[in-house]
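**Student:** attaching a predicted model along with its sequence, questions to come.
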Amino acid sequence: MVYISSTDALRQLMLSEDTGAYIVKISPKDNTLTNGVDYCYVGLKCKDGTNYAVQAYGKEARELHEEATIMATRSIMLVSPTNPEKLPGLNLPCLPRIE
């Protein structure tokens, strides 16, 4: 599959019901390489055990970090304390908590 950006790749992996992907690691905000270029790494794990890494540099790194942080925050907020598989009143699967 071809993605137009790292953010697009992240969205497609996270939204695909086939992968059941969730974020396990996001590099620190404003992370830069020794040459001064911004860098972002997002680690994902899928329900079948497959691991993915999405990486970006420069402006795209800042955008990827922002998007991954929003997605990770949403997945934490969507977990029901009484039933981690489904949201109360909705028939939507929840993503696992990120520790």
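**Tutor:** Looks like it arrived, so ask away.
**Student:** so the residue nearest the centre of the chain, which of the three states?
**Tutor:** By CA atoms, centre = their mean, the chain has its centre lying nearest to I23, at 4.1 Å. Here I23 is recorded as strand under DSSP: H, G, I helix; E, B strand; the rest coil.
**Student:** most remote residue from this structure's center?
**Tutor:** For the chain, the C-alpha farthest from the mean C-alpha position belongs to N35; by CA atoms, centre = their mean, that distance is 26.1 Å.
**Student:** quick one: pLDDT of that residue?
**Tutor:** Per-residue confidence for N35 comes out at a pLDDT of 97.
**Student:** tally up the residues packed near the nearest residue to S5 once chain neighbours are set aside, please.
**Tutor:** Counting by CB to CB, 6 or more residues apart in numbering, the nearest residue to S5 once its immediate chain neighbours are dropped is E60, at 6.1 Å. Yep, even glycine has a C-beta here, placed from its N, CA and C like the rest. Residues lying near E60 (other CB atoms under 10 Å) number 15.
**Student:** ok, E60 to Y3 distance?
**Tutor:** 11 Å (CB to CB, to the nearest Å).
**Student:** now swap in P28 and tell me
**Tutor:** 24 Å.
**Student:** so those two - more neighbours on which side?
**Tutor:** A direct count of neighbours by other CB under 10 Å for P28 and Y3 places Y3 higher, at 13 against 10.
**Student:** so the more buried one touches Y52, yeah?
**Tutor:** No - here Y3 lies out of contact with Y52, judged by CB atoms under 8 Å, at a distance of 11.5 Å.
**Student:** and Y57, what is it in contact with?
**Tutor:** If a contact means CB atoms under 8 Å, 6 or more residues apart in numbering, then Y57 has L33, V37, D38, Y39 as its contacts.
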